[in-house]
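>>> What follows is a predicted protein model with its sequence.
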Amino acid sequence: MIRRVLASELQQHVNTTVKLRGWLNNLRPFGKLNFLILRDRSGFTQVVIEDKEEFKKVSHLQPGSILTITGKAIMSSQAGLGAEIVSPKIEVESPIHDVPPIDYYKPEIQSDLEFILDNRPIALRNRQIQAVFKIQSAIAHAYRLYMHDVVQAVEYFAPNLIGASSEGGAEFFTVDYFGHTATLAQSSQLYKQIMVGVNERVFALMPFFRAEPSHTPRHLTEGKQLEFEMGFFDHWHELLDIQENCIKYIVKYLHEQCASDIATLGGKIIKAPENVPFPRLTFAEAQELYFQRTGIDERHEPDLSPAAERELCQYASEKFGTDLLFVIDWKTSKRPFYAYPMENNSELTNTFDLLCNGTEITSGGQRRHTYDAMLEGIKMKGMNPGDFTDYLSIFKYGMPPHGGFGMGLERLTMTILKLKNIREASLFPSDPKRIAGNKIKAHLFFGSENIRNEIIRLIKHFEMKYEHLKHEPTPTSEDSARVRGTLPEEGVKALILRGKQTKKNYQLNIPSHLKLDMKAVAEAVGEKCEFEDPAIILERFGIAVGGIPPFGQLLNLDTYFDEKISKCPRAAFNCGMQTESIIMQTDDLVKLVQPKIGNFSKE
């Protein structure tokens, strides 16, 4: 019997007869000479078919058909792997006659992400999407190698069902556990600290679950977390050293082991040269640097904005030639209860974030390590020490100074490969619209009054302050500012666009005195857009142009906010009709809508 050969092994069998098995990817008929592309787990093989009877066996088949092909391997400069099959004998093991719902067999799927996710099981067969997840597998493997072989840490396996939220707060899922309430773990933070008391240096690849109603391009409700924790260090910055070397190890490993997959994705990968240290800025220095570079003053904000994160990474790239940068010494108010307070300033903590290519990919730092300090931290965050009995017990019986970090595997993959959306880096993503890739039936609102009522209900539910105004019709932004008594820049102009390729609707929201930058919109959504017909908007959503509110999620639309909206503390907008407006705090509006934020306006 002839042993099966993979596509990647063809060059080793030139001028011999070989057998291949795999999926029909596509056919290219040219009359006398026809080409068949066969896909297997290692790649693609070009098969040249001259015999008419052999071609008849496959000419009517659709991609996905299972084939066994026996033929002669020869060298070929035209074939991607340097070899191809000629004089084939074809056996159709499983014929497929249904047309695939998505063109996965093409080099790139020319569809929007939502359509790709709607057809995820088949779309995963596309060579570019396949490359993403082969690289993701390599990232996880490289992380394990680095932690086990270099850091000499011990892998642990923590529970996913726990009795209380692992880090406090309300962003956790509850499940019925034999009549008791259990939660799905947000992280294995508490368990990896327990294991420091056992093995000193530990790591894990663990699932996480976060009930965060976020629709941003970098948040999921379920993912995988790369965890690390260690005890006994002379200075907590040793954690940063391990984190930095870990990233460099992973990137080097990808270049060595995944060169062909990286090439399939266009060669786009972050810069992390081994000989270039990641810059390290304090939180205060980072805010000052952002102000100096842009003139935008966020120096009194408790966190870095997405725009600041992008600018800081741009600084690291320009000045140091690396896409990564540490921000250290974060405020106590923004860190979890176990964060170690700085000894000479209790308002700051020995913690860090690692930014990469404009996105935060890691949070970590030193932990409190005495019983009294941990008890203080729990109470300070308003939590019940009784919910952490097992966890607190370890501090009664000896815990060294320790710390660590966690990295989301999907966000790390997205960032390393410079993908636009974290859902591209999750096999079957869960978010407020999907569970394991399957779309949840949207709760849509139709008609101006229904939409107005739902907006007011949401504002009251979250106990936010607002004004509800009734006034004369305001067809223009100038009319709106006049009757509301607000500044033009406080007004939010909500626009509904249509993608020229997909015909999909998007909502873009900009300050009312500015114009929409269509080029920036096209870059953000992945296609050129035009304004939707007002008659279509009225028919589809039951709203007249001029009354559209900036709540695209109520219409099941991807919603984008121009970052300039946040410059004003107040936001004013029509709430479904031209004769009614709402004025509220801009921060509250952003919390309610959870939009994607970027620069979409111009003068």
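Alright, I've got the coordinates.

>>> Let me know how buried the nearest residue to S188 once chain neighbours are set aside is, in neighbour terms.
Nearest residue to S188, sequence neighbours excluded (C-beta to C-beta, 6 or more residues apart in numbering): A158, at 3.7 Å. (Glycine included, C-beta is placed from N, CA and C.) Residues contacting A158 under the criterion other C-beta atoms under 10 Å number 20.

>>> check contacts around A158.
By C-beta atoms under 8 Å, 6 or more residues apart in numbering, the residues touching A158 are 185, 188, 191-192, 204, 206.

>>> ok, those residues vs R367, which is closest?
Of all the contacts of A158, R367 sits closest to K192, with 9.9 Å by C-beta to C-beta.

>>> coming back round to it: mind checking which of the contacts of A158 are buried?
By neighbour count, with 16 or more other C-beta atoms under 10 Å, those hold 185, 188, 191-192, 204, 206 as buried.

>>> before we move on, the earlier item: where does the residue nearest to S188 fall, helix, sheet strand or coil?
Each residue gets one of three states, and A158 gets coil by DSSP: H, G, I helix; E, B strand; the rest coil.

>>> how far away is it from T362?
Separation of A158 from T362 (C-beta to C-beta, to the nearest Å): 19 Å.

>>> swap in E580?
With distances taken as C-beta to C-beta, E580 is found 45 Å from T362.

>>> Check V99 too.
Note on V99: its distance to T362, by C-beta to C-beta, is 44 Å.

>>> Could you check the pLDDT of the nearest residue to T221 once chain neighbours are set aside?
Distance criterion C-beta to C-beta, 6+ apart; nearest residue to T221, sequence neighbours excluded, is S430 at 4.7 Å. As predicted, S430 sits at a pLDDT of 94.

>>> ok, now which ones touch S430?
220-222, 436-437.

>>> Buried subset of those residues as a ChimeraX selection?
Listed next is the ChimeraX selection for buried residues among the contacts of S430, using 16+ other C-beta under 10 Å:
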select :220,221,222,437
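
>>> quick revisit: so for E580 and T362, which sits in the more crowded spot?
Neighbours per residue, other C-beta under 10 Å: of E580 and T362, the larger number sits with T362, 23 against 19.

>>> Now stretch 481-488: buried residues?
Of the residues in stretch 481-488, 481, 483-484, 486, 488 count as buried by neighbour count, 16+ other C-beta under 10 Å.

>>> Mind telling me the two of these farthest from one another?
Spanning the widest gap among these are V483 and P488, at 12.7 Å by C-beta to C-beta.

>>> Report the mean confidence score over stretch 153-161.
Stretch 153-161 shows a mean pLDDT of 96.

>>> can I get the CA coordinates of the longest strand along the chain in PDB?
Among the segments of the chain that qualify as a strand by DSSP state E, the longest is strand 17-30. Once non-C-alpha atoms are left out, strand 17-30 reads as follows in PDB (Å, rounded to 0.1, in the frame of the first residue of the first chain):
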ATOM      1  CA  THR A  17       4.000   8.000  -6.800                       C
ATOM      2  CA  VAL A  18       2.300   9.300  -3.700                       C
ATOM      3  CA  LYS A  19      -1.200   9.300  -2.100                       C
ATOM      4  CA  LEU A  20      -2.900  12.300  -0.700                       C
ATOM      5  CA  ARG A  21      -6.200  12.700   1.200                       C
ATOM      6  CA  GLY A  22      -8.000  15.800   2.000                       C
ATOM      7  CA  TRP A  23     -10.700  18.300   1.100                       C
ATOM      8  CA  LEU A  24     -11.400  19.700  -2.300                       C
ATOM      9  CA  ASN A  25     -10.700  23.400  -1.900                       C
ATOM     10  CA  ASN A  26     -11.400  24.600  -5.400                       C
ATOM     11  CA  LEU A  27     -11.200  23.800  -9.100                       C
ATOM     12  CA  ARG A  28      -9.800  25.800 -11.900                       C
ATOM     13  CA  PRO A  29     -10.900  24.400 -15.300                       C
ATOM     14  CA  PHE A  30      -9.000  25.500 -18.400                       C
END
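
>>> buried ones in it?
Neighbour counts using 16+ other C-beta under 10 Å place 18-25, 27 of strand 17-30 among the buried residues.
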